[in-house]
Structures are given as structure tokens and as C-alpha cells.
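1. Okay, sequence plus prediction incoming.
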Amino acid sequence: MKIVVLAGGISTERDVSLSSGKMIYEALKRKGHQTILLDVFLGYNGDITDIFEKEEDWAREIGAVREQNPDISQVKALRPDWKKNFFGPNVLSLCQQADVVFMGLHGEDGENGKIQACFDLMGITYTGTDYVSSALAMDKGLAKELFVYNKIPTPEGITLKSGEEETVKVPYPCIVKSCKGGSSIGVVIAKNDAEYEAAKKEAFKYDNEVVIEQYITGREFSVCVMDGKALPVIEIAPLKGFYDYKNKYQAGSTVETCPAQIPEEKAAEMQMLAEKVFQVLRLKCYARMDFMMSENGDLYCLEANTLPGMTPMSLIPQEARAIGMEFDDLCQWIIDMAVNKCE
């Protein structure tokens, strides 16, 4: 098959996306596919005639290697025209030539549904869920409202727009996070008024709307749902602090156990809730749901991730490995779901 792995972009998760894209690209090459790795924002300025037949080291060609804390303003400066066209040179043409586009994007640019809607209009087949469910899941405030309405346990909280007066106060400690952020960027725990004001200021750097919710003390878990069926539960135990950006992507900072060492009935309950979230948010193909379990055993769903990380330390590959599926086969399964979705 001819496959474009789409990565990069200009979200705060650009570096993670590039790392995911490189791994996916290499896996699909090993599977025998004609694969190119493409930065959705920077694109490709070379000759695209018969490009899938060319033997090129795409990971090197477009510079799609992991960037540590990229300066997004510098990335944007490489394309002064970007406000008139988000897509880089030849991106849409290459995606139209492909049999399927593997969405290796993370963060607002890839997960808010806008790219998916564009691809739907252009008849481009892509991995992951559609534009409606992407938008529902990306907006943490809206997703929380749907959780409450459908009786899915979630921490109590509110949404707050920049400049809006607070009418309800969430007790301390509380979590403050940007409404449409990812990878725990802009997420802060506040224990008093001073920390709370600082947390809001930090979260508003990334979005004009934030979610403020009850902080749950306990253990953190994640469950991937593939084609409507939950994989084994994985427990996430940071050695220090909570599961923030550093603990997610710095080797050795978090202990991850899959299957999680919890009672079978509690694992089954969490898997059932993950599948329910999948249905409530109208998700398709695959997604990852994050949970907290309080000290007394109560479960709370935090959010859904529609394009979860596919890096060496990411959770979905570990969950898949727990059922005997290695990374290359996981990537192929995701491709097969995308193709079947469009048939």
C-alpha cells in the first residue's frame, strides 16, 4: 500500500508527534508498504512524481526526528504564509496519492477534527476517528459534560473562559488545565490561592478556556479501546509528582505495569467504562481513555485521547504487547481499521 505518515505540525506536542511518526514510518516500511514520512506543516518541496516508488530515507529527508522542546515560533517562521494555508507544500497532493494516511499527529492541530474534516471532503482515507468525535474528545469541558450526562464517573469541576468571573469554587487541591491541550502541557495542581492564580495563568497560555476540577488522590491508569473493545489496563506510576509531560516522555521517570496489578473485577469495570466513553464520544477505530482510582477504589475517567502517542514509551504499544501484538502488527492493525472504515 502507499501510505503517508503525517506528523509534526505546530501544536505544543510537535516533538512527540515527530517521534511517533518516525516509529510508525519505520514499522510500516518493515511491513513492506511504500511509505513516506511527511511534516503536515512544513510539507515537501521536491519532485513528487512517482514519489512512493522512490527509495528515500524520509526520516532524514524532511528532518523528522525528535525535537526537544521545539520553538513553535521558529517553526512558523519557516512558512510566513501559514495563516492562509495550514498545510505545507504538496501535503494534500501527497495525501491524495496515498491509499491511506496514518495520522501521527498529536495535540490541537491533529486531534480537533479540522484535518479529518478536510480529508473527508477530499476523499482521503485516514487512521483514527472522524472529525465529530475528534472535536468532542478534544474539548475537555464538553467531554466532561457528556460524561456527567451519561453517568460516567469523572472528577467534579467547571470550565472557565479567560476574563470570565468565577461563580463556583472548586475546593483545594484542584487541577487546572487548558481545555484543548494535550500531553499534560499547561496542567498544574493548585493547593492554595497563590498556586491557583499561577495555575490559571499558566493554563491560559495555551487556551482561552480552562478546566478546573477536583484533584483525585490515588492511582492512575489508562485503557486503550481498539475497534470498540478494551485492551488490558495499564497502571502509570510516576516516581515523582504526577504524570506530567516530563514523566510521560523521559525514560525512567515512570513505572508502567501492564496488565495492571488490580483485582479482576476492578479491571473489568475500568474496561467497561472505557468502552462506554468510546461510545458516548462516538469514537471510531481506536482511542485511549485515562482514569484515576481513588484511595477507596472509586474510578474517575479524566479524558479520552483520539491520537495517542506511538513513541517507544507510549502506552498503547505496551497494552498491545500484553495481548501478544508487537508494534509493527499494531501499526498494521490500525491501517486495516482505517481501510475497513471506508469500505
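-> Ah, there it is. Residues are numbered from 1 along each chain as shown.

2. residue ranges with poor pLDDT in this protein?
-> Within the chain, the stretches with pLDDT under 70 are 55-70, 181-186, 239-253, 312, 342-343.

3. Can you show me the strands along it?
-> Remark: strands assigned in the chain by DSSP state E are 2-7, 34-39, 100-103, 157-161, 174-178, 188-190, 209-214, 218-226, 229-230, 234-238, 254-257, 286-294, 299-305.

4. What is the fourth one packed up against?
-> By that I understand strand 157-161. Using 3 or more C-beta pairs under 8 Å, 6 or more residues apart in numbering; DSSP states H and E as the contact test, the elements touching strand 157-161 are helix 140-149, strand 209-214. For the C-beta atoms, the positions are set from N, CA and C on the backbone; glycine is no exception.

5. Show me which residues of the longest one are buried.
-> Going back to what we said before, that points to helix 140-149. Neighbour-count burial for helix 140-149 flags 140, 141, 142, 143, 144, 146, 147 (criterion: 16 or more other C-beta atoms under 10 Å).

6. Could you single out the nearest of these to residue 287?
-> residue 143 (11.4 Å; C-beta to C-beta).

7. What residues does the nearest residue to that closest one once chain neighbours are set aside make contact with?
-> Once flanking residues are discounted, residue 143 sits nearest to residue 137: 5.7 Å by C-beta to C-beta, 6 or more residues apart in numbering. Shown in contact with residue 137 (C-beta atoms under 8 Å, 6 or more residues apart in numbering): 111, 129, 143, 281, 283, 287, 303, 304, 305, 306.

8. If you rank the residues you listed by neighbours, which is first?
-> In terms of neighbour count, residue 306 stands highest of the contacts of residue 137 at 28 neighbours, by other C-beta atoms under 10 Å.

9. wouldn't it be in contact with residue 112 here?
-> No: taking contacts as C-beta atoms under 8 Å, residue 306 lies outside contact range of residue 112: 9.3 Å.

10. got any residues that touch both of the two?
-> Taking C-beta under 8 Å, 6+ apart as the contact rule, residue 306 and residue 112 both touch 134, 138.

11. Which residue, other than its chain neighbours, is closest to residue 108?
-> Leaving aside its sequence neighbours, residue 108 sits nearest to residue 11 (C-beta to C-beta, 6+ apart; 4.9 Å).

12. Can you report how many residues neighbour the one you found?
-> For residue 11, the count of nearby residues is 25 (other C-beta under 10 Å).

13. hmm, which two among the contacts of residue 137 are most spread apart?
-> Between any two of these, the greatest separation by C-beta to C-beta is 14.2 Å, found for 129 and 303.

14. the helices in the protein, which residues?
-> Secondary structure of the chain (DSSP state H): helices at 14-30, 58-61, 72-77, 91-97, 108-111, 114-122, 131-138, 140-149, 193-203, 245-249, 264-280, 315-322, 327-341.

15. thought residue 113 was touching residue 134?
-> Yes: under the criterion of C-beta under 8 Å, residue 113 makes contact with residue 134 at 3.6 Å.

16. So which of the two has more stuff around it?
-> In this view residue 113 and residue 134 are compared by other C-beta under 10 Å, and residue 134 has more residues nearby, 27 against 21.

17. From residue 157, how far off is the more buried one?
-> Separation of residue 134 from residue 157 (C-beta to C-beta, to the nearest Å): 22 Å.

18. Check residue 276 too.
-> Applying C-beta to C-beta to residue 276 and residue 157 gives a distance of 19 Å.

19. Between these two, point out the one with more neighbours.
-> The residue with more neighbours, out of residue 276 and residue 157, is residue 157; 21 against 18, by other C-beta under 10 Å.

20. So in terms of bridging, what pairs with the more buried one?
-> Going by DSSP bridges, residue 157 is paired in beta bridges with residue 213.

21. can I assume it is in contact with residue 170?
-> Yes: between residue 157 and residue 170 there is a contact at 5.9 Å, judged by C-beta under 8 Å.

22. any common contacting residues for those two?
-> Contact criterion C-beta under 8 Å, 6+ apart; residues shared by residue 157 and residue 170: 212, 213, 214.
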